[in-house]
Each structure stands twice: as C-alpha cells, then as structure tokens.
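Asker: Coordinates for the following, if possible.
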Amino acid sequence: MRRRHSSGPSNFTIGAAVLIVAVILTYLGFTKSIPFRHHYEIHAVFRTANNVKPGSPVRIAGVNVGKVTGVDHLPSDRNAARVTMRIDKKGLPIHKDATVQIRPRIFLEGNFFVDVHPGSPSAPTLGDGDTIPVNQTSAPVQIDQILGTLQTDTRKDLRRVLDELSTGLAGQGGAGFNRSIPYWKNAYERGAIASDASLGETQHDLSGYIKNAGATAEALDRNDVQLKSLITDFNTTAHAFAVNDTALGDAIAELPRTLRAGRPALASLNAAFPPLRRFIRDFRPAVRSSGPALTASIPFAQQARLLVAPSELRGLVHDLVPTVPALTKLQKATLPLYEQVRAASSCQNEVILPWSHDQIQDSDFPTNRKVYEESTGPLGGLAGESRSGDANGQWFRVLVSAANYAYPLGSNWFLTAQPLKGVNPAPPAQKYPRQYRPDVPCETQQPPDLRSNPLPAPQGTKVDLTSAAAQAANATATTKAVDWLRGLLQREGSQLKVASTPLKSLSEVKK
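Answerer: Model (predicted):
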C-alpha cells in the first residue's frame, strides 16, 4: 500500500511560526516600539540624575510622549548625567529653548519622570541626536538636601534674623518701611541704570573690570588677617550705628534733599566726560613721550625745591602777591584760546599729519617722496623772486617765449609752447570738495585725498608763428612791454636798463 504525502506545512514549521509570533508579541508588549525603525532621540545634561532610570516616562503637559533609553555619567563630574530620551511623533516638535525637569510622581519621592517644556514656536527645532545643555535642565530638591541645609547654626541665624526683623518693624519701624515704598521706584530705576552702565560703553570694558576685580580679590587674599579684622570690627560699627540710630535717622531723612541737590552736579559731571575722554585720547601721545622731558626737568625741580624752602618762600610769596590776581584773570581769559589750541592740535594730529605722509602716484611726474617733502620744492623758486641783477635788487627775471598753442579759457585764451596732455586735477563739480564740510570740526573730517582722475585736454588751436601777421603782432607786443618797463624804472629812479633787442652772445651780456 502506497503512503500518501501531506500537502500542508509540517508540525515543526507550524510550531516555529507560533514561537516567532509569540516572541514578537512579547517584545511589542514590553517595549511598545517597533524594531528596525529609526526613532527620534534627544539628550539632556543634568547636574544630578535623581534616580532616573531607563524606561522612566517622558511627559509633556502630563501626557506620556516617550521614555528614557539611557543614563550615562559624565567623566568630568560623577554626579552629572547625560540622559537619552526617545520621543514619539506626538511629542514633536521640540525647540532649542526647551527646558527639562526631573520630577517625582509621588509626594515622598521615587518613580521619577522627565517633564519636557517644548519651548517657544519661534525658536529653531532640535534635531535628532541634539543635546539640551545643563543650563536648561533642573532636578528636584531632595528632602535630605533641605534637612542638610537647615543645620543647627543655620537655624539659629535664621531665628536671629527673623527676631531682628520683627524688632525693626515693630512700632514706627513698619510705618517707616511703608513711607519708604514711594522711593523704591527711583531707587530701582537708578539701580537698573547703574547695572546697565556696569556693562561698559566700549569693547572690553566688562572684561577689564573682571580682570581688575580679580586683582582686587588677589590683594584681599594676600591681606587675609586685615580682612578678618574688618569683618570682626563690622559688629562694632553696626553697634555704633544702633547707638546713634536717632542721628542716623535724621541723616537718612536729609538724604533725598541731598540727592536732589546733587543730581545737577552729577549731570554736569556726566556731560563733561565726552570732552574729557577726547582730551585723554589726544593727550596720550604726549604722555608716552614725556619720559625724557621728566628726566630733563629733574634738575629744575631740585632748584625749584630750594626756591620754595622756608628761607626763600616768604620773599617769593611777597613778590607773587601782585601777580596772582593777574594770573587768575589770564587763566580765565585763555580758556577760549586753549579750546582753539586743542581743536587745532587735534586737527593737526588726526587730519593734517596723516595727509602730509601720503604719497601721490603720477605717471607723468613720478616721485617717491611724500607730500610734506614734495610741497617744499617751490620754496626755493619763490625765494629767488627778491633778486634781480644783484643781491639787493627788487626784480626777478622771467623767460618769455612765443606760444605755439592756444586753448579757450572762459572769455580768454590760455597760451603755451607745448600742447596740453590733459587736465589734472579735474574741475570740481561743486564749490567745496565732497570731503570738506564747513559745518563739521576739522578733527573729525576725513583726510584729503589728492588722487584724481585726469580729464582729456580741451580742443586747442596751433598757432603758426612763421606767418607775417604773427611776427608783426609779436614785435608790437615786445615794443609795448619794453616801453612800459622802461617807463616804470624811470619813475622809480632805478639804475637798471632795459634792452629792446634780444641778446646774441655772452660778450653782449657782459657789455
């Protein structure tokens, strides 16, 4: 008899399939997550983990949105922990300004959960794997921490503070406290202004303050004995204030009137700070270079010390009595002068000196000298204008040649022996250059820029000097110039002579 083969799965296959399904259902029942799927996770750093464990719930507004998947202690601080949280889709989005708290689920601690505040919608969202820093996390205060804080000495000090506060507010103390409330607004407002001013006005003000505060703290640490004495003597000082409480109350009552009288002076002082700052900035180069001057003035100081000795001082004071009032008037009268001197010095330092060290690049007239070196070149030619035939003359010679080119210049003509290559600098489009502002102080002006873009030469006309008309006009002009100069010399009684014909040779010059 032939055995029939079964067409369905075997018992082993059915058993294996049932076992796999049971394992999957058990995993889903305990983990409540689908395997092999990417999950959104974020991290948060806490100063203490407070017994938060993997599997602790994560809530937003009391609703479970995820769970804790890991707690790792930081190597830099054993108490600090890095908590990894898996967030479901219903808990998203979470923003970068989110805050995280560890909170207990029962009153007497235990069963902690992580409470997440997602942050403001305007902030960027956290990406998968991002970390919330420790300054945005917090943990609950444990009961043992509270009990450990309120030690016997602390409780005694707290009772003493409450007892002294009760004594101070008893009787008229409470009424005086109520009367001080109207002054709180100005006090807090001025305090806020002072706190804002402590941040500084320029860069590195706050860092400089912190650096100097460190130096102060270091100095206090070096004098620890004196510091202890100061703290010990503070009780004596407080007792002295308590004994003279009536006088102290009267002085405090006068304080508002004192402040009202002092505010105008403080406002004037505040207004004086900007010019004082500018003066210090301008005076700084002189201070840096004052070392040699101070060294050279030491002998003078030594002689001045002898001059003001008791044996000489009386006679000196007697001689200076008539002079002091005049010096006082002179000092008051020179204040406007000093202001102009300060403005001129600042203009010299901030504008003129930087400009004088500039260098002009010109392809037609190349030079490697600076402006202050180049500008003194014409002085030698100007000095020669006072000389003529000898050193005592009042005339100077000029070499005149006939012009070959003529260019229009308004209603006149500009004549030259060589053709113009261009116009540099170009005529300004306005009366004052753009860089110059008459309504702005010189010290704040921008230094002048001598660089310019030359314009092409205007259309000129070449003159034909070989024509008969040009030669006749030249002869007529020469005759008129010679006659005018000869008549002028005769009226002034000069011994100089004017020749109407050009010199031909050196022998004729000697004649």
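Asker: Would you map the helices across the stretch 151-300 of the chain?
Answerer: Assigned helices in the stretch 151-300 of the chain, in chain order: 152-169, 172-180, 184-197, 205-222, 224-243, 245-288, 290-307 (criterion: DSSP state H, counting those that start in this stretch).
Asker: among the ones you listed, which is nearest residue 346?
Answerer: Closest approach to residue 346 among the helices of the stretch 151-300 of the chain (C-beta to C-beta): helix 245-288, 5.3 Å. Just so you know, the C-beta spots here come from the backbone N, C-alpha and C atoms, and that holds for glycine as well.
Asker: So which elements touch that closest one?
Answerer: Helices and strands touching helix 245-288, by 3 or more C-beta pairs under 8 Å, 6 or more residues apart in numbering; DSSP states H and E, are helix 335-347.
Asker: give me the number of residues near residue 131?
Answerer: When counting by other C-beta atoms under 10 Å, one arrives at 13 neighbours for residue 131.
Asker: correction: residue 179
Answerer: 10.
Asker: Could you do residue 283 as well?
Answerer: The number of residues packed near residue 283 is 13, by other C-beta under 10 Å.
Asker: With residue 135 instead?
Answerer: Residues lying near residue 135 (other C-beta under 10 Å) number 8.
Asker: before we move on, what about residue 363?
Answerer: Neighbours of residue 363 under the rule other C-beta under 10 Å: 6.
Asker: Kindly provide the distance from it to residue 454.
Answerer: To residue 454, residue 363 is 10 Å away according to C-beta to C-beta, to the nearest Å.
Asker: picking up where we left off before, of all the helices of the stretch 151-300 of the chain, which one is nearest residue 321?
Answerer: helix 290-307 (16.3 Å).
Asker: how far off helix 245-288 does that closest one point, in degrees?
Answerer: 120 degrees (axes from the mean of the first three to the mean of the last three C-alpha atoms, to 10 degrees).
Asker: export helix 290-307 as PDB, just CAs?
Answerer: C-alpha atoms of helix 290-307 as PDB (Å, rounded to 0.1, in the frame of the first residue of the first chain):
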ATOM      1  CA  SER A 290      57.100 112.600  28.500                       C
ATOM      2  CA  GLY A 291      59.800 110.300  29.900                       C
ATOM      3  CA  PRO A 292      62.800 112.200  28.500                       C
ATOM      4  CA  ALA A 293      61.200 115.500  29.400                       C
ATOM      5  CA  LEU A 294      60.700 114.500  33.000                       C
ATOM      6  CA  THR A 295      64.200 113.300  33.200                       C
ATOM      7  CA  ALA A 296      65.500 116.600  31.900                       C
ATOM      8  CA  SER A 297      63.300 118.500  34.400                       C
ATOM      9  CA  ILE A 298      64.700 116.800  37.500                       C
ATOM     10  CA  PRO A 299      67.500 119.500  37.900                       C
ATOM     11  CA  PHE A 300      64.900 122.200  37.500                       C
ATOM     12  CA  ALA A 301      62.700 120.500  40.200                       C
ATOM     13  CA  GLN A 302      65.700 120.300  42.500                       C
ATOM     14  CA  GLN A 303      66.400 124.000  42.100                       C
ATOM     15  CA  ALA A 304      62.600 124.800  42.500                       C
ATOM     16  CA  ARG A 305      62.600 122.900  45.800                       C
ATOM     17  CA  LEU A 306      65.400 125.100  47.000                       C
ATOM     18  CA  LEU A 307      63.500 128.100  45.800                       C
END
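Asker: other SSEs contacting the following helix or strand past that helix?
Answerer: Downstream of helix 290-307, the next assigned helix or strand under DSSP states H and E is helix 310-320. Packing partners of helix 310-320 (3+ C-beta pairs under 8 Å, 6+ apart): helix 290-307.
Asker: related to what we said a few turns ago, reformat the helices of the stretch 151-300 of the chain as a markdown table; add mean pLDDT and distance to residue 491.
Answerer: Shown next, in a markdown table, are those (pLDDT from 0 to 100; distance: least, C-beta to C-beta, whole Å):
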| stretch | mean pLDDT | distance to residue 491 |
| --- | --- | --- |
| helix 152-169 | 82 | 106 |
| helix 172-180 | 81 | 96 |
| helix 184-197 | 82 | 78 |
| helix 205-222 | 78 | 75 |
| helix 224-243 | 78 | 95 |
| helix 245-288 | 83 | 56 |
| helix 290-307 | 82 | 58 |
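Asker: Out of these, flag the one nearest residue 478.
Answerer: Evaluated over these, closeness to residue 478 peaks at helix 245-288, with 59.4 Å, by C-beta to C-beta.
Asker: Measure how far the closest one is from the centre of its chain, please.
Answerer: Between the centre of helix 245-288 and the centre of its chain there are 24 Å (C-alpha atoms, centre = their mean, to the nearest Å).
Asker: Name the residues contacting each of residue 363 and residue 454.
Answerer: Residues touching both residue 363 and residue 454 by C-beta atoms under 8 Å, 6 or more residues apart in numbering: none at all.
Asker: According to the record, where do the domains of the protein fall?
Answerer: The chain breaks down into these domains under automatic domain parsing: 27-147, 152-191, 334-461, 464-511.
Asker: can you tell which of those is closest to residue 311?
Answerer: Residue 311 lies closest to domain 334-461 among the domains of the chain, at 33.3 Å (C-beta to C-beta).
Asker: mind listing the helices for the stretch 351-500 of the chain?
Answerer: Assigned by DSSP H, counting those that start in this stretch, the helices in the stretch 351-500 of the chain fall at 353-356, 371-374, 377-383, 468-492.
Asker: Kindly state which of those helices is positioned closest to residue 101.
Answerer: Closest among the helices of the stretch 351-500 of the chain, once you apply C-beta to C-beta, is helix 353-356, at 60.4 Å.
Asker: follow-up on the earlier one: can you lay out the helices of the stretch 351-500 of the chain as TSV showing distance to residue 321?
Answerer: What follows is those, written out as TSV (distance: least, C-beta to C-beta, whole Å):
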stretch	distance to residue 321
helix 353-356	44
helix 371-374	48
helix 377-383	50
helix 468-492	59
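Asker: mind putting those helices in CSV, distance to residue 251, mean pLDDT and mean neighbour count included?
Answerer: What follows is those, written out as CSV (distance: least, C-beta to C-beta, whole Å; pLDDT from 0 to 100; neighbours: other C-beta atoms under 10 Å):
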stretch, distance to residue 251, mean pLDDT, mean neighbour count
helix 353-356, 55, 87, 14
helix 371-374, 64, 85, 14
helix 377-383, 72, 69, 9
helix 468-492, 89, 83, 11
